[in-house]
Each structure stands twice: as structure tokens, then as C-alpha cells.
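Trainee: kindly generate the corresponding structure for this input.
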Amino acid sequence: MTEKECEHHHDEDEKMRRRIGAAVLGLLAAGLFVVFLVWAILHPHGPRFVLQDATIYAFNISQPNFLTSNLQVTLSSRNPNDKIGIFYDRLDIYASYRNQQVTLATLLPATYQGHLDVTVWSPFLYGTSVPVAPYFSPALSQDLTAGMVLLNIKIDGWVRWKVGTWISGRYRLHVNCPAYITLAGHFSGEGPAVKYQLVQRCGVDV
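Mentor: Okay, here's the model as predicted:
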């Protein structure tokens, strides 16, 4: 084979590689466009969380500034999408009072939520002798005197969306459920539990 023929053969191979590369890139671009188009048309909505009830077993403060809380909450999550499923990869739930976490985080089981499905959890939340800010004791006394305490049941976690066989990357999920509890005096672990029917819609940020 002459030098000219070798150069021609090399040029043909280079053109073929470029065509194959362009075809692959074109297919990838078309696939991404289809996924984006489906995503834009379906426009997924975040899950809807509702705090159904809360049972208080203990909620009292002792000197010097230690809070003990023991409660069980029931909350539900509804997938409002009729064509998109939701994977809950990891959900940590805990109670907060006056912007301070007062219980340990409880891990909710990972689950998949189909179209328009509802999932219900009833976790226990514990916090024994949790150190709190110095202003907690007078603030809690004021709330107890007023007869109402605002607890916030919060969830931090990750979700993924499922459209057909396609599954998205992970998205951060923040849920905040205000729980207005009417308390009179101090609870102790030895006293009777008090259950509150709340049916309070939660704020959700995805």
C-alpha cells in the first residue's frame, strides 16, 4: 500500500470515528432532552406531610437546665403525584422546642411511595436530661402558665423521584410540623400519658 493510500485509509477511519462519536453524543443529548421534557411536563410535587397526633409521656425541666421529654407522634405522608413515585432513602425525625433539638433523632424506615399513596409512621422520640439554654426554664414556665407549648416535629432526609424506570438523584427533604400542646403543670414519666389529636399540616421543603 502506497503512502497516499495509507493517508486516505487513515482519513476514512478518522471520519468514521467522528461519525460514531457524533451519533453517540446525539443519542445522549436526545435521551437527556426526553428525560427533561418528561420531567417538565409531569412537574413533580413534593410530598404532603400531616402530623396526626402526639402522645406526651414526659416533658419537664430540672435544674440546672436539663429537659426530659418522651413522646410518640403519628404522622402521614401523601404522594400527590399520579405519575411519579417517591423513594424515601433516609428520614431522621426529632422534636424541637424554641429552635433547639430536645430529643434524639429517630431513623424512620426507608420506603417507596407509589402514585397517590399514603405512608404512616408512629415513632417514639426520647430525650433524657438534654442540656438546654438557660432561658428554657423561665420560657417553659411561661408557656405552662399560658397553658400551651409549641413543639416542632422536624424531619431531615433525602428523597428520589421515579418516573417509569428512570430514578432521579437524591434531593434534600426538610419537614417542619408545628404541634400546639395544651399543657398544665409538669409531666413526669410516672404520670399518665396524654394524647392530643392534632391533624396539623406540615411545612415541606424539597
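
Trainee: what about the strands in this protein?
Mentor: Taking DSSP state E as the test, the strands found in the chain are 48-62, 66-78, 85-97, 100-101, 106-108, 111-113, 118-121, 124-131, 149-163, 166-167, 171-181, 194-201, 203-205.

Trainee: which of those strands is buried the deepest?
Mentor: Between those, the one whose residues have the most neighbours on average, counting mean count of other CB atoms under 10 Å, is strand 66-78 (a mean of 21). (Each C-beta comes from the backbone N, C-alpha and C, glycine too.)

Trainee: strand 48-62 and that one, what's the angle between them?
Mentor: Relative orientation of strand 66-78 with respect to strand 48-62: 170 degrees, computed using axes from the mean of the first three to the mean of the last three CA atoms, to 10 degrees.

Trainee: any weak-confidence spans in this protein?
Mentor: With pLDDT under 70 as the threshold, the chain has low-confidence stretches at 1-15, 31, 33-42, 184-191.

Trainee: one more time with 80
Mentor: Low-confidence segments of the chain, defined by pLDDT under 80, are located at 1-24, 26, 29-43, 61-64, 136-137, 141, 144, 183-192.

Trainee: and A110, what is it in contact with?
Mentor: Applying CB atoms under 8 Å, 6 or more residues apart in numbering, one finds that A110 lies in contact with 87-91.

Trainee: could you redo the last one with a cut-off of 7 Å?
Mentor: Residues touching A110, when contacts are defined by CB atoms under 7 Å, 6 or more residues apart in numbering, comprise 88-90.

Trainee: outside of stretch 139-151 itself, list whatever touches it.
Mentor: Contacts of stretch 139-151 with the rest of the structure, by CB under 7 Å, 6+ apart, involve 61, 95, 97-98, 178-185.

Trainee: roughly how far is stretch 109-116 from the heart of the chain?
Mentor: Shown here is stretch 109-116, whose average C-alpha point lies 12 Å from the average C-alpha point of the whole chain (CA atoms, centre = their mean, to the nearest Å).

Trainee: now stretch 115-129
Mentor: Stretch 115-129 has its average C-alpha position 11 Å from the chain's average C-alpha position, going by CA atoms, centre = their mean.

Trainee: check stretch 125-143 too.
Mentor: Taking CA atoms, centre = their mean, one finds the center of stretch 125-143 at 26 Å from the center of the full chain.

Trainee: rewinding a little: reformat the contacts of A110 as JSON lines; add distance to L116.
Mentor: Shown next, in JSON lines, are those (distance: CB to CB, whole Å):
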{"residue": "Y88", "distance to L116": "16"}
{"residue": "D89", "distance to L116": "21"}
{"residue": "R90", "distance to L116": "23"}
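
Trainee: and which of these is nearest L27?
Mentor: Taking CB to CB as the measure, D89 is the one of these closest to L27, at 29.8 Å.

Trainee: ok, back up a step: so which pair among the contacts of stretch 139-151 is furthest apart in space?
Mentor: The largest distance within the contacts of stretch 139-151, taken as CB to CB, falls between P178 and G185 and amounts to 22.2 Å.
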